[in-house]
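Undergrad: Here is my input, please return the structure:
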Amino acid sequence: MLEFDLFALFLAGLLGGGHCVGMCGGVVTAFSLQLPAGRRWHYHLGFNLGRILGYCLIGMLVGGLGSLSSLLSLQGVKGVLFVAANLLLILLGAYMAGWSILILYLEKAGRPLWGKIQPYMRLFLPVKRWSDTLIVGALWGWLPCGLVYTASLNALASASPWHGGLIMLSFGLGTLPNLLLMSVFIEPLRTLLRRPYLRYFFGGSLIFLGFFRIAQYLF
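TA: Numbering: from 1, shown residues only. This is a model prediction of the structure:
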């Protein structure tokens, strides 16, 4: 099951590119405008490396928290968390396809925490050294996002800090192609991903993946 979970979360990160553009497009643009002149690829790689490391830390923290359910013999809790994570994936797919905005209300729940983290990120902007990109990226990973919530609930349901870290690593790697392309082709990518047939395809794929994983667990 772990191998399938890793693949499923990688796929969710990859298919969620349209949501990434909406959530992170402004952040990527802001980072780009503040970078030193010259070649910038290594800075964007640094931002994303830091972001993925931040996801791994989140996965290990929530996976460790989830392990308490095993210690307390509350195995049903893990199942509830797993189903909840995939219901979030379904809601996210519905949002990407343009059929529902419920996921936006859930994302608002993370804004108070983000409001406390954001000032620390600004301390390292504009970026002066490559090492700053790792810190900014790690803090960026806490941006309120339905995709991150979905992956985090899966990490929590894994009830293991190591499995939780691997789940978030797989998810982060899935988001990497979109975020790297966004750093160079933000407007063309945004225009492309707004096309209805692509929104239906990516949104429908996430909905199918969510229902498939729930059915696999229940039956």
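Undergrad: starting at the chain centroid, how far to the helix or strand bottoming out on mean pLDDT in the chain?
TA: Lowest by mean pLDDT, DSSP states H and E among the helices and strands of the chain is helix 17-33, with a mean of 79. Put simply, helix 17-33 sits 13 Å off its chain's centre (C-alpha atoms, centre = their mean, to the nearest Å).
Undergrad: now what about it, what contacts it?
TA: 40, 43-44, 47, 92, 95-96, 125, 127, 136, 140, 143, 145-147, 175, 177-179, 182-183, 186, 189-190, 193-194, 198-199, 202-203 (C-beta atoms under 8 Å, 6 or more residues apart in numbering). Every C-beta, even on glycine, is put in place using the N, C-alpha and C of the backbone.
Undergrad: Which residues in that helix does the neighbour count mark as buried?
TA: Within helix 17-33, the residues that count as buried by 16 or more other C-beta atoms under 10 Å are 17-25, 27-28, 31-32.
Undergrad: Show me what counts as buried in the helix ranked longest in the chain.
TA: Ranked by residue count and defined by DSSP state H, the top helix of the chain is helix 161-193. Using 16+ other C-beta under 10 Å as the test for burial, helix 161-193 gives 161, 163-176, 178-183, 186, 189, 193.
Undergrad: Output the buried residues of helix 17-33 in a markdown table; the columns should cover distance to Val83.
TA: Listed next are the buried residues of helix 17-33 as a markdown table, based on distance: C-beta to C-beta, whole Å:
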| residue | distance to Val83 |
| --- | --- |
| Gly17 | 25 |
| Gly18 | 24 |
| His19 | 21 |
| Cys20 | 24 |
| Val21 | 28 |
| Gly22 | 26 |
| Met23 | 24 |
| Cys24 | 27 |
| Gly25 | 31 |
| Val27 | 31 |
| Val28 | 33 |
| Phe31 | 36 |
| Ser32 | 39 |
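Undergrad: neighbours around Gly64, how many?
TA: 17 (other C-beta atoms under 10 Å).
Undergrad: do you know how far it is from Leu57?
TA: 11 Å (C-beta to C-beta, to the nearest Å).
Undergrad: next one: Gly46
TA: Distance from Gly46 to Leu57, by C-beta to C-beta: 16 Å.
Undergrad: same thing with Ser183?
TA: 23 Å.
Undergrad: likewise Gly13?
TA: 17 Å.
Undergrad: Please apply the same query to Cys20.
TA: 20 Å.
Undergrad: how close does Tyr105 get to Leu156?
TA: In terms of C-beta to C-beta, Tyr105 sits 20 Å off from Leu156.
Undergrad: if you count what's nearby, which of those two comes out ahead?
TA: More crowded of Tyr105 and Leu156, by other C-beta under 10 Å: Leu156, with 26 against 9.
Undergrad: Gly141 versus the more buried one, what's the distance?
TA: For Leu156, the distance to Gly141 - C-beta to C-beta - is 16 Å.
Undergrad: in this protein, which segments are predicted with low confidence?
TA: Scanning the chain for pLDDT under 70 picks out 1, 38, 69-75.
Undergrad: The nearest residue to Phe10 once chain neighbours are set aside and Leu147: what is the separation?
TA: Spatial nearest neighbour of Phe10, excluding adjacent residues (C-beta to C-beta, 6 or more residues apart in numbering): Gly174 at 4.0 Å. For Gly174, the distance to Leu147 (C-beta to C-beta) stands at 9 Å.
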